[in-house]
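Chemist: just to be clear, the model below is a prediction. Sequence and coordinates:
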Amino acid sequence: MFKLINKITFYGIKDLLRSRWIIVYFIVLCMITEGMFRFSGHSLKALSGMVSVTIFLVPLISIIFATIYYYNSRNFIELMLTQPISRKSVYIGLVSGLSFSLSLCFIFAISIPVLWRFSMLSGYWNILFLLIFIGVMLTLTFICLAFWVSISNEDKGRGLGISLLLWLTMAVVYDGLVLMVVILFQDYPLEKPMIVLMFSNPIDLARVLILLKIDVSALLGYTGAVFKSFFSSNFAQITSLLSLVAWVLFPFYFSMKKFKKIDF
Amino acid sequence: MRILRYVLFFILFIFLQSHSATYEIKSTHSKSDLKSSIINSKPHDTIIVHEGIYHETNIEVMHPLTIRGQGKAVIDGQGKDQIFKITSDSVTIENLTINGSGVSYIKDNAAILVEESKFCTVQNNILNDNFFAIYLSKSSNCIVKGNEITGNAISESSSGNGIHAWYCKNIEIYDNKVSNHRDGIYFEFVKNSQIKNNLSSGNLRYGLHFMFSDSCTYKMNTFKNNGAGVAVMYSKYVDMIENRFILNQGSSSYGLLLKEISDSKIINNSFKNNTVAIYIEASNRIQVDGNDIVENGWAMKVMSNSLDNFITRNNFISNSFQISTNGRNNNSTFSENYWSDYSGYDLDRDGYGDVPFRPVSLFAIEVEKRPQSIILLHSIFVNIISTVEKIIPTITPETLIDDKPAMDIIYDNN
Amino acid sequence: MITIDKLQKSYGKLQVLDNVNTSIRTGKVTVLIGPNGSGKSTLIKCILGLVKPSSGDIKVNDVSVSSNYNYRKDIGYVPQYGHFPENLLVKDVFNLVLNLRNGTGHPSYGIDKPFDLTTELKKKIYSLSGGTRQKLSANLAFMFNPQIYICDEPTAGLDPIAARTFKQYIQQMREEDKTILLSSHVLSEVEHFADDIIFICEGRLKYNGPLTELKIQTNESTLEDSIAKLME
């Protein structure tokens, strides 16, 4: 089974890495990173700018790209499914092919501008690695979410619409609602519900994970005990790291279940 | 003229040498040797304390004297009482290791207490686990230099300060290292004094606690990882120059806290990784110039009861929030600073942006009102509303702007 | 040998296949016919495991298709339109399918049969014409020399000469005693080599048996006329 998955993954990557849109994604991301480092004049400033770009762009590109990829591959998926292999293998192969391609694209786009600024990053390597980690995790999560949407919707236009709406909700609307909750219930103890809300959205979770590194000075200024112990503990970092991984595994698993059931 | 002065000094030196005796104290001698030697000595004598451990407390020095350690001479108070009490002018204590002045809730027990004296020197001592380490009271023209002071403070109420000066004048404190006390260096009612090139770190409360002390300068010190940073309060004419404020993090922690300060200067300091780099409250006519304020939670919190402060030519780089304030009034001037999140342009190429910069973000005000919203920092939603607010300001203080934001990092600082 | 037993498939309220019972004989060409939306494709997809039946069972060589996917090693499938990853080379597609089949087959076998694709091997898929893509799907189905061929409107995208080659190849396979299931719209085209006819309409089986018998039953001389008569 692993051999089969490897093969599907391998040819998936071979196909995708030659895709025009992947190359465009790579170049754009690379140029943004280069620009950030060139014009910000300060590594942490550049990295923090890259965090904003990553949190905004990576989920958006991943979900759109994966949705379109799925619909465009439907016929070929059917062809693969008529071969003597399980649906699970085909699914894992597809997801991992796409995941590898988009992740590699992200990793290289971020790393190449960094390579010729080796000395500039001393002291900030851990943030760079964390940035790459959350970028890859968000890529994987949104690929799986895209598959979940596309597998559930036969129609391409509808699927793409739902994917975009899902992204908009998770990336922008959600935080707006959270802020509204903060304003409406400002007299209540909100720290625990807030932490739960942050864990319930992979984009927020990724952002908080970076906050714990970059903005810990500001976070430690907060007086509430729950945040305080949360922000200053290793436990928080480990839990958020694991939760981000969980945010890959759950959509992956649920869309696989869906993929096994549906009719083509 | 200068040569003449040297010659005079030399003659004086020879003269003093010939008239003063040197006493040598060894640990094999009986316990009260040190005390009796002090009593028996003549003014300006020297007592050399040889390597060894001496269990002594309440050693009073009542006439001019030099007490010098040789090798590792340890005076151990074993956690009881005070150790040296100096009530005479011109006493020097050097090269000693003094441990364990006793914790007391009634008396300020110190390893070295200088009381109502002039021209005393405390230098190159190692002071461990004392309640107060060096305590200057109503003294003047004293020097505290090159001491390594390490306390064992656990709670604020059961610990004293590293270097404590009270009602003093013309004091010089330099090249000391102070850690693990309540306040690293404490100044109250001190005038015309200098604190230079010290390292104050890991103290429970303030690295430097500075009150009612006018016309003092502190320069080139490092204040690192102290509970609440550095507090400068109720003073005038204070010069704060080329210090480093690092890693003072916590809910009421500041790189530098200014309260009711006037006519003072904060020049060429560097602030890094503090929760609030500079907090200014009820302070007037302060010049904040040429500082590097990097990677802090808040670069500055300027309360609106502060007037006529000038914040110029500083580098504000990668702080989570640049400026925060508590009202829509602003009576301070910001100009020619570099702001790392400034995104304006410089068409006339004079090195300054053509569009003013608003360093107070909408979100900074939101966090001021509802601190728990800080968890949304850097989220896309917050970035969007902050950008909108920057274009059409409705909530942020209208007059708090840098009219001449620098396009590039200002490099001529320290 | 494929046996279909009480096959039902519905999407919500829409009944696509309703109690279909039939079998497809070894060594014969069975042609599946029916109007658009009659359930032909669904039936084929059920056999291939692409569509899960609501109830009933399909057995391929006495193995139920719902039990596992191994039965598909005996099936070569030619879809109506061939779609492949756009940026792969023709060669890559051959290799991929070969790998999916665990290498059991003759890669060289596929490249020139039924269509000669040796000159196309190093071309990217997106540069191929629809016809060539269709030829590629045919070759992929045939390259493992399977026992059963299932072809969904195989000649729809082919030019007349290629269609002729394809049909000749089907004939040859019949002579080799393979089981062949074809769906087609163009009745005249399949008439001369069809052994059995499965005719479905609105999800129900209308006729299932040898072509000759159909003609006798309906008393018509051509397949087209017979079907027309059945539809009345």
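Modeler: Okay, I see it.
Chemist: tell me how far the lowest-mean-pLDDT helix or strand in chain A is from the chain's mean position?
Modeler: None of the helices or strands of chain A scores lower by mean pLDDT, DSSP states H and E than helix A:225-232, at a mean of 73. The gap between the average C-alpha position of helix A:225-232 and the chain average comes to 26 Å, counting by C-alpha atoms, centre = their mean, to the nearest Å.
Chemist: tell me which helix or strand comes right after it.
Modeler: helix A:234-261 (DSSP states H and E).
Chemist: what's the next secondary structure element after the helix or strand of chain C with the lowest mean pLDDT?
Modeler: Least confident helix or strand, chain C: helix C:107-111 with a mean of 59, by mean pLDDT, DSSP H and E. Under the assignment DSSP H and E, the closest C-terminal helix or strand after helix C:107-111 is helix C:130-142.
Chemist: against chain C, how distant is the closest residue to A:Leu219 other than its chain neighbours?
Modeler: Closest residue to A:Leu219 in three dimensions, ignoring its sequence neighbours and counting by C-beta to C-beta, 6 or more residues apart in numbering or on different chains: A:Phe231, at 4.3 Å. To be clear about C-beta, it is placed using only N, CA and C from the backbone, and glycine gets the same treatment. Computed as C-beta to the nearest C-beta, to the nearest Å, the A:Phe231 to chain C distance reads 46 Å.
Chemist: quick one, what contacts A:Phe231?
Modeler: Neighbour list for A:Phe231: A:212, A:216, A:219-220, A:222 [criterion: C-beta atoms under 8 Å, 6 or more residues apart in numbering or on different chains].
Chemist: how about 7 Å then?
Modeler: Residues in contact with A:Phe231 (C-beta atoms under 7 Å, 6 or more residues apart in numbering or on different chains) are A:212, A:216, A:219-220.
Chemist: so where does B:Glu60 fall, helix or strand?
Modeler: strand B:59-61.
Chemist: got the buried residues for that strand?
Modeler: Buried residues in strand B:59-61, defined by neighbour count with 16 or more other C-beta atoms under 10 Å in any protein chain shown: B:59, B:61.
Chemist: what are the buried residues along the helix or strand hosting A:Leu94?
Modeler: Taking DSSP H and E as the definition, A:Leu94 sits inside helix A:87-115. With burial defined by 16+ other C-beta under 10 Å, the residues of helix A:87-115 counted as buried are A:87-106, A:109-110, A:113-114.
Chemist: what do you get for stretch C:41-53?
Modeler: When neighbours are counted by 16+ other C-beta under 10 Å, the buried residues of stretch C:41-53 are found to be C:41-51, C:53.
Chemist: for the lengthiest helix in chain A, name the packing helices and strands.
Modeler: Among the elements of chain A assigned as helix by DSSP state H, the one spanning the most residues is helix A:43-81. Other helices and strands packing on helix A:43-81, by 3 or more C-beta pairs under 7 Å, 6 or more residues apart in numbering or on different chains; DSSP states H and E, are helix A:20-40, helix A:87-115, helix A:125-152, helix A:156-168, helix A:202-214, helix B:380-391.
Chemist: show the average pLDDT along it.
Modeler: Model confidence over helix A:43-81 averages 92 on the pLDDT scale.
Chemist: angle of it against helix A:87-115?
Modeler: For helix A:43-81 against helix A:87-115, the angle by axes from the mean of the first three to the mean of the last three C-alpha atoms, to 10 degrees is 150 degrees.
Chemist: so who does the closest residue to chain C within the stretch 51-200 of chain A touch?
Modeler: Closest contact between the stretch 51-200 of chain A and chain C, by C-beta to the nearest C-beta, is at A:Asn75 (3.3 Å). Contacts here follow C-beta under 7 Å, 6+ apart; on that basis A:Asn75 touches C:79, C:81, C:83.
Chemist: of those residues, which ones also sit close to chain A?
Modeler: When C-beta under 7 Å from any C-beta of the partner chain is applied, the members of those adjacent to chain A are C:79, C:81, C:83.
Chemist: check which helix or strand covers the last one.
Modeler: When elements are defined using DSSP H and E, C:His83 is found to belong to no helix and no strand.
Chemist: and it, how far is that from A:Gln83?
Modeler: 15 Å (C-beta to C-beta, to the nearest Å).
Chemist: give me the more crowded residue out of these two.
Modeler: Neighbours were tallied for C:His83 and for A:Gln83 using other C-beta atoms under 10 Å in any protein chain shown; the higher tally belongs to A:Gln83 (24 against 17).
Chemist: so that one makes contact with C:Leu100?
Modeler: Yes. At 4.4 Å, A:Gln83 and C:Leu100 qualify as touching, with contact defined as C-beta atoms under 7 Å.
Chemist: longest helix of chain C?
Modeler: Under DSSP H, the helix in chain C containing the largest number of residues is helix C:160-175.
Chemist: who are the packing partners of the helix or strand just after that one?
Modeler: Helices and strands here follow DSSP H and E; after helix C:160-175, the next one along the chain is strand C:179-183. Taking 3+ C-beta pairs under 7 Å, 6+ apart as contact, the helices and strands that strand C:179-183 lies on are strand C:29-33, strand C:148-152, helix C:160-175.
Chemist: off-centre distance for strand C:179-183?
Modeler: 5 Å.
Chemist: using PDB, write out the CA atom coordinates for the helix or strand just after it.
Modeler: Going down the chain from strand C:179-183, the next helix or strand is helix C:187-191, by DSSP H and E. Taking Å, rounded to 0.1, in the frame of the first residue of the first chain, the C-alpha atoms of helix C:187-191 are listed here in PDB:
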ATOM      1  CA  LEU C 187     -26.400   1.200 -32.600                       C
ATOM      2  CA  SER C 188     -25.400   0.600 -36.200                       C
ATOM      3  CA  GLU C 189     -21.800   0.600 -35.200                       C
ATOM      4  CA  VAL C 190     -22.000  -2.100 -32.600                       C
ATOM      5  CA  GLU C 191     -24.500  -4.200 -34.300                       C
END
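Chemist: for the record, mean pLDDT for the helix or strand that comes right after helix C:187-191?
Modeler: Toward the C-terminal end, the helix or strand that comes next after helix C:187-191 (DSSP H and E) is strand C:196-201. Averaging the model's pLDDT scores along strand C:196-201 yields 89.
Chemist: also stretch B:377-392?
Modeler: Here the average pLDDT along stretch B:377-392 is 89.
Chemist: buried stuff in that stretch?
Modeler: Neighbour counts using 16+ other C-beta under 10 Å place B:377-383, B:385-386, B:389-390 of stretch B:377-392 among the buried residues.
Chemist: still on that earlier bit, sheet-wise, list the partners of the strand holding B:Glu60 with their directions.
Modeler: Strand B:59-61 sits in its sheet next to strand B:84-86 (parallel), going by DSSP bridges.
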